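1. Let's see this in three dimensions:
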Amino acid sequence: MAKKPDAIAGMMQALKREGIEYLRFELPDMAGVSRSKTVPIDKVEGYARDGLNFYGGVLGLDTSSNVVPASGLHTQQNYADQLLFPDPGSLRVIPWVPATASVVCLGYWYHGTPQRMSPRFVFAELVKRANALGYDVFLGHEYEYYLLSAETRQRLFEGIHIFHTVRNQYTPFLDNLVPTLRAYGIDVITHNCEYGGGQFETNYGPAKNMEGVDKAFAFKNAMKELAHRNGLIATFMAKPFAGHSGSGCHLHISLLDRKTGRNAFLDAKDEVSLSPLGKSFTEGVLQHGAGMMPLINPTPNCYHRVKPYTFAPSNISWGEQDRSAMVRIKSTHDERTHIEMRGGSAVSNPYLLAAGVLAGGLAGVEAKAKLRGQSRTTTSEDNPDLQRFPQTLDAALDALEADTVLGDYLGEDFVRTFVAIKRFELNRFHSHVTDWETNEYLELY
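-> Next up is the predicted model:
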């Protein structure tokens, strides 16, 4: 019987070939931010095999790194450490730091149980479920973001200049961005300025299963780091400026037959080129659209973006090539046919956005759900009969807790921890007195 290849040994050989002296052990937190330790190369193999100690409650911190008591990860675990184990398949050489590479990790408690509330773990379990049904998940995240001066926190330029060539390369930072990302393993396919002043979109190719989501994690955190090192801020905040374009993350996704590699969503003879499987998946996303909202729009600010006439969807809807729908069917009538879920904000954790869509879609597939009709007399955003999105994060969290089917797909541990963190953040948000309130009421009353 052939001996199973040693993935850690293979990773160590790759590090040696590349002349790597330091390896980042990266853990995606609940917000999709990279938390890491940097390890000298002579210590890497030991930690890779036995685990790297890391505070066990990292996933139970809110966006300001406050300890969330009800998360189940702090006092309930006696503030215990976890052990990080790297996924060798996620290895990347970091071109902007000398002789340094990165690898994405999953955390385990010391007794060997995985941290089941980990966003990466949740997505991995859903991929296993899709694989067991006979499908690979083929997906890619499409991000919009703003580049700002770190000194002033203002946009690099004003006005609406989508695709404007001068602004595509407006600063020397942008001249080096695409080659640097490609050297990091992000296969950039297009780069351009977006609708808002100082807003950009840098797209890369899709990939299968975990590779597709790890690439999104690497892209977002690379953008933040590269911008910082060049005196800029890359912000993926959903609506950083009133009166200006919001930043979305459109998830492009389909299922591939694991035996043939063919697109299982395709029926070239169908009116919208979707197979029964693709239609059931789409209906599942729609049925669980309200419940997945906190995963795809996880901050109060996100709900300023999902409004009509903003190139963002505002209701539970689908449509062939309809940019105002939550689910846009890219019906090319060939292997490129897929769905584009347009409801997510750029701030969303790439693992959780993908997990929410995949969970809803698989629920539809396993229930053999029949796809509802699309809005035909108007665009989706103009149809008053369609169910609107939850209008606040509070309402979205209520919808997630009420959607027991979606919760079963995501896992009880994850839902409990995620909701506790978001409720904790909301308590801080609701206690804050805004500038608008002071400016509006202070002198008047």
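2. Now do the contacts for the residue nearest the centre of the chain.
-> Nearest residue to the geometric centre of the chain (CA atoms, centre = their mean): Pro350, 1.4 Å. Pro350 sits next to Gly32, His141, Val213, Ala216, Phe217, Lys220, Cys249 when contact means CB atoms under 8 Å, 6 or more residues apart in numbering. (Each C-beta comes from the backbone N, C-alpha and C, glycine too.)
3. Now render those as JSON lines, adding pLDDT and distance to His432.
-> Output for these, formatted as JSON lines (pLDDT from 0 to 100; distance: CB to CB, whole Å):
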{"residue": "Gly32", "pLDDT": "97", "distance to His432": "23"}
{"residue": "His141", "pLDDT": "98", "distance to His432": "30"}
{"residue": "Val213", "pLDDT": "98", "distance to His432": "32"}
{"residue": "Ala216", "pLDDT": "98", "distance to His432": "30"}
{"residue": "Phe217", "pLDDT": "98", "distance to His432": "29"}
{"residue": "Lys220", "pLDDT": "98", "distance to His432": "26"}
{"residue": "Cys249", "pLDDT": "97", "distance to His432": "26"}
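4. Sitting in helices, which of the residues you listed do you find?
-> Using DSSP state H, the subset of the contacts of Pro350 located in helices is Val213, Ala216, Phe217, Lys220.
5. now those residues in CSV, with distance to Lys239 and neighbour count?
-> What follows is the ones in helices among the contacts of Pro350, written out as CSV (distance: CB to CB, whole Å; neighbours: other CB atoms under 10 Å):
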residue, distance to Lys239, neighbour count
Val213, 24, 31
Ala216, 20, 26
Phe217, 22, 22
Lys220, 17, 25
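6. which among these gets closest to His161?
-> Of all these, His161 sits closest to Lys220, with 23.6 Å by CB to CB.
7. Who are the contact partners of the closest one?
-> With CB under 8 Å, 6+ apart, Lys220 has these contacts: Gly32, Tyr143, Phe236, Pro350.
8. Closest one to Ile329 out of those, please.
-> Scanning the contacts of Lys220 for proximity to Ile329, where the rule is CB to CB, the winner is Tyr143, at 21.2 Å.
9. and the gap between the closest one and Gly60?
-> Counting by CB to CB, to the nearest Å, the separation of Tyr143 from Gly60 is 26 Å.
10. What are the contacting residues of the lowest-mean-pLDDT helix or strand in the chain?
-> Within the chain, no helix or strand scores below helix 165-168, which has a mean of 88 by mean pLDDT, DSSP states H and E. The contact list for helix 165-168, computed with CB under 8 Å, 6+ apart, reads Phe157, His161, Leu174, His191, Asn192, Cys193.
11. tell me which residues in the very next helix or strand once past that helix are buried?
-> Counting by DSSP states H and E, the next helix or strand C-terminal to helix 165-168 is helix 172-183. Using 16 or more other CB atoms under 10 Å as the test for burial, helix 172-183 gives Phe173, Leu174, Leu177, Val178, Thr180, Leu181.
12. what's near enough to touch the residue nearest to the fifth one when sequence neighbours are not counted?
-> The one in question is Thr180. Among residues not flanking Thr180 along the chain, Pro95 sits closest, at 5.7 Å (CB to CB, 6 or more residues apart in numbering). Residues counted as contacts of Pro95 (CB under 8 Å, 6+ apart) are Thr180, Ala183, Tyr184.
13. Check Phe138 too.
-> Counting by CB under 8 Å, 6+ apart, Phe138 makes contact with Pro206, Ala207, Lys208, Gly212, Ile253, Ser254, Leu255, Leu256, Asn263, His338.
14. how does it look with 7 Å?
-> Pro206, Lys208, Ile253, Ser254, Leu256 (CB atoms under 7 Å, 6 or more residues apart in numbering).
15. and the angle for the lengthiest strand in the chain with helix 172-183?
-> The strand spanning the most residues in the chain, taking DSSP state E as the definition, is strand 135-149. Interaxial angle, strand 135-149 versus helix 172-183 (axes from the mean of the first three to the mean of the last three CA atoms, to 10 degrees): 160 degrees.
16. sorry, back to before: now the least confident helix or strand of the chain, how far from the centre of its chain.
-> 27 Å (CA atoms, centre = their mean, to the nearest Å).
17. and what of stretch 236-252?
-> That offset, for stretch 236-252, works out to 13 Å (CA atoms, centre = their mean).
18. Ends of that stretch, what's the gap?
-> 18 Å (CA to CA, to the nearest Å).
19. What are the contacting residues of that stretch?
-> Here stretch 236-252 has contacts from 139-146, 194-197, 199, 206, 220, 299, 301-302, 304-305, 310, 312, 338, 340-342, 344-348, 353-354, 357, using CB under 7 Å, 6+ apart.
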